[in-house]
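*Asks:* no sequence for this one, just the structure:
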């Protein structure tokens with residue numbers, strides 16, 4: 001269903017592009033000008049290659065996470081992590097861009113990468129190997145947060161490429177990892 005929604009939004013983007021309205025799907029500041037983009041940007045993509053890469057990554061990781069939970073929880077998690085990742089990207093860039101040379105003062109965000117990396121972060125945080133390594137050792141919430149941040153930063157840097165929304169990727173991974181540690185998507189009564 002998520003892939004169908006992404007495909008439908010991409011088709012709508014193409015039609016809007018013919019009318020000169022392609023940017024109405026992209027998340028950017030100020031948020032109050034186009035608040036719907038908090039949602040549409042998660043499902044929209046910059047081009048066919050962007051769409052195909054995200055669809056493949058979603059198919060691989062999404063199927064695993066979707067089997068762990070209900071359809072409603074899966075979609076709520078996907079949308080929430082994707083929206084928060086996009087918001088982090090535009091907010092941090094908006095704050096730091098004017099202060100750092102070479103960083104744009106404003107960006108527009110499109111794509112499901114933050115949400116998809118949230119799914120992979122969830123898998124990393126909730127799997128049996130992590131449970132054995134982390135669960136067997138008494139770690140405070142702060143240490144688990146630090147561990148998640150270091151892991152998310154390392155993966156983000158290892159997978160970085162030009163034009164990627166690195167802050168969104170980091171945010172998605174971190175939110176996913178922390179959600180996985182909390183077993184947020186597990187049906188009630190199981191962990």
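*Replies:* Ah, there it is. Not measured: the values here are computed from a predicted model.
*Asks:* helix/strand/coil for residue 184?
*Replies:* Per DSSP: H, G, I helix; E, B strand; the rest coil, the secondary structure class of residue 184 is coil.
*Asks:* my read: it touches residue 76, true?
*Replies:* No. Using C-beta atoms under 8 Å as the test, residue 184 is too far from residue 76 to be in contact (10.1 Å). No exception for glycine: its C-beta is placed from N, CA and C like everyone else's.
*Asks:* ok, those two, which is more surrounded?
*Replies:* residue 184 (16 against 13; other C-beta atoms under 10 Å).
*Asks:* pull the contacting residues for the more buried one.
*Replies:* Contact analysis of residue 184 by C-beta atoms under 8 Å, 6 or more residues apart in numbering lists 77, 122.
*Asks:* ok, the spatially most central residue of the chain - contacts?
*Replies:* In the chain, the centroid-proximal residue (C-alpha atoms, centre = their mean) is residue 114; its distance is 1.7 Å. Contacts for residue 114 (C-beta under 8 Å, 6+ apart) come out as 42, 81-82, 84-86, 88-89, 165, 168-169, 171-172.
*Asks:* same check on residue 40?
*Replies:* With C-beta under 8 Å, 6+ apart, residue 40 has these contacts: 9, 24-25, 27.
*Asks:* so where does residue 63 fall, helix or strand?
*Replies:* helix 48-66 (DSSP states H and E).
*Asks:* report the mean confidence score over the longest helix seen in the chain.
*Replies:* Criterion DSSP state H: the longest helix present in the chain is helix 71-96. Mean pLDDT, computed over helix 71-96, is 94.
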